[in-house]
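Enquirer: Have a look at this prediction, sequence included:
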Amino acid sequence: MTGESFRRRFENNPEHKFTGLSLDWEEDAEAWQQVKVYIDSSKSILSENDSPDIPFRYSVNPYRGCVHACAYCYARNTHEFLGLGAGTDFETQIFVKQNAAELLEQHFKSRKWNSVAASDRWIAFSGITDCYQPLEGKLGITRACLEKCLEYRVPVSIITKSALVLRDKELLLELHKAVGVKVTLSIAFMNAEMMKCLEPHASSLPQRWKAMSELSTIGIPTGISLGPMIPGLNDSDIPALLRLAKNCGASYAFYVMLRLPGSVKAVFLERLQKHFPQQCKKVEHFLRETRGGELNEAQFGSRMRGRGVRSDLIASLFSIECKRLGLLGGEANSQVNSKDDSQAKNIGKHTGLDTLATAEFKHKIYKPTSLLPQNKSSQSEQLSLF
């Protein structure tokens, strides 16, 4: 283990959606894989969403792929559009939007942005992969974007599994005083061992609770995302998680039912079988109960919360505990249905994803090869992160 960045391999790449190819490692293959980071030459940074069950209109995603390696991450499929796999590739082939802040400023200066109603200008960080994943500690792309949001007075909501968010607490407080900020910590497990198996490179549970407490103490509105909710595995943690969140200063809470679109299903079930073989069949059975007999459901309105008796029981438990603790909350879907309520609307500017603490890894930007369009002027650079 020397200068390059390495991380532990946790699963193979499942069959590719478009090519049908899959990657299986030999039994004695080296389990440590090199993390390669490529410059993403995107020409825009602000994504506009019109999905009826996602409670925000605009989002910024500075990174593609995520070293956190969360088994359930619904963003894994996005790597297949890059010709890569949803398993190991998603965790070890990371694309960075190095000029994200400049692109964001261009958008803020545009006539299109200035025509957007003030109530719709909240920007969600991230929505796909965690904006505070380890590379952010070196590159500072998210911070640069937040500085532009402060300069142009644009309110922001953040969701993360990383304690790295504390690095920017002064900036976030200044932005909150100027126009508005909300920070959601994604914490779905009480059991640290279970969390480490399914979110192997995310910040530890104590670090996340500490981040929530510190941000709340200085006056930044915080909340908790219990995502994903995995029936039969962590649904019994709901009361304890909400109670701890309240004690750490959270004012709102929401959850998203486990989603397994496309290749994510194979990655999740492989990890589940490896670490929780005795619970695997039960979890799969309970999940099917919330998905009409399937393991995933893409239908708007139910894909985020599930349906059926078990889903209703989870929603009821969550609602009762939120009411008892004085937390504004509901499943992700209910927040969308309450968009006309100003309080629910502001809280709904979030979605679910995944993150890690930084110190264990050193990253180096590698010169992109055929994975990226060949724009020599922007991609011949190699950034030193040491």
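Expert: Yes, it's here.
Enquirer: From now on I want contacts and neighbour counts done on CA atoms only, so please keep to that.
Expert: Noted.
Enquirer: helix or strand for the residue nearest to H275 when sequence neighbours are not counted, which one?
Expert: In space, H275 comes closest to C197 once its chain neighbours are excluded; the distance is 6.8 Å by C-alpha to C-alpha, 6 or more residues apart in numbering. Taking DSSP states H and E as the criterion, the element that holds C197 is helix 192-198.
Enquirer: Look up how far V60 lies from S47.
Expert: Applying C-alpha to C-alpha, to the nearest Å, one obtains 6 Å for the distance of S47 from V60.
Enquirer: Could you check which of the two has the larger neighbour count?
Expert: Of the pair S47 and V60, V60 is the one with more neighbours under other C-alpha atoms under 10 Å, namely 23 against 13.
Enquirer: check contacts around the more buried one.
Expert: Shown in contact with V60 (C-alpha atoms under 8 Å, 6 or more residues apart in numbering): 45-47, 123-127.
Enquirer: follow-up on the earlier one: for the very next helix or strand once past the helix holding C197, which helices and strands make contact with it?
Expert: On the C-terminal side of helix 192-198, the closest following helix or strand by DSSP H and E is helix 205-217. In this structure, helix 205-217 makes packing contacts with strand 222-229, judged by 3 or more C-alpha pairs under 8 Å, 6 or more residues apart in numbering; DSSP states H and E.
Enquirer: Outside of the strand it packs on itself, list whatever touches it.
Expert: When contacts are taken as C-alpha under 8 Å, 6+ apart, the neighbours of strand 222-229 outside the stretch itself are 72, 182-189, 212, 215-216, 235, 238, 241-242, 245, 249-259, 352-353.
Enquirer: tell me the angle whichever strand or helix holds Q279 makes with strand 222-229.
Expert: Q279 is located in helix 277-290, with elements delineated by DSSP H and E. Taking axes from the mean of the first three to the mean of the last three C-alpha atoms, to 10 degrees, one finds that helix 277-290 is oriented at 100 degrees with respect to strand 222-229.
Enquirer: Please compute how far helix 277-290 lies from its chain's middle.
Expert: Centroid displacement of helix 277-290 relative to its chain, using C-alpha atoms, centre = their mean, to the nearest Å, is 24 Å.
Enquirer: Quick one: residues in contact with it.
Expert: Applying C-alpha under 8 Å, 6+ apart, the set of residues contacting helix 277-290 from outside is 230-233, 269, 272-273, 294-296, 306-311.
Enquirer: from these, which has minimum pLDDT?
Expert: For these, the least confidently modelled position is N296, at 78, judged by pLDDT.
Enquirer: Pretty sure that residue sits against M257.
Expert: No - under the contact definition of C-alpha atoms under 8 Å, N296 does not touch M257, with a separation of 10.1 Å.
Enquirer: Looking at the contacts of strand 222-229, which are in helices?
Expert: Taking DSSP state H, the ones among the contacts of strand 222-229 that sit in helices are 212, 215-216, 238, 241-242, 245.
Enquirer: between those residues, which has the most around it?
Expert: Neighbours here are counted as other C-alpha under 10 Å. On that basis the top member of the ones in helices among the contacts of strand 222-229 is M212, with 28 neighbours.
Enquirer: Could you check how many residues crowd around the residue nearest to that one when sequence neighbours are not counted?
Expert: Nearest non-adjacent residue to M212, counting by C-alpha to C-alpha, 6+ apart: C248, 6.1 Å away. Applying the criterion other C-alpha under 10 Å, we find 20 residues in the vicinity of C248.
Enquirer: Could you name every residue contacting both of N296 and M257?
Expert: Residues touching both N296 and M257 (C-alpha under 8 Å, 6+ apart): R303.
Enquirer: Show me which of those two is the more surrounded one.
Expert: Set N296 next to M257 and count neighbours by other C-alpha under 10 Å: M257 wins out with 26 against 20.
Enquirer: my read: the more buried one touches R310, true?
Expert: No - with contact defined as C-alpha under 8 Å, M257 does not count as touching R310 (11.3 Å).
Enquirer: re earlier: can you flag the buried ones in the contacts of strand 222-229?
Expert: The neighbour count (16 or more other C-alpha atoms under 10 Å) marks 72, 182-189, 212, 215-216, 235, 238, 241-242, 245, 249-259, 352-353 as buried among the contacts of strand 222-229.
Enquirer: picking up where we left off before, and the ones in helices among the contacts of strand 222-229, which two are the farthest apart?
Expert: Within these, L215 and I238 form the most distant pair, 22.1 Å apart (C-alpha to C-alpha).
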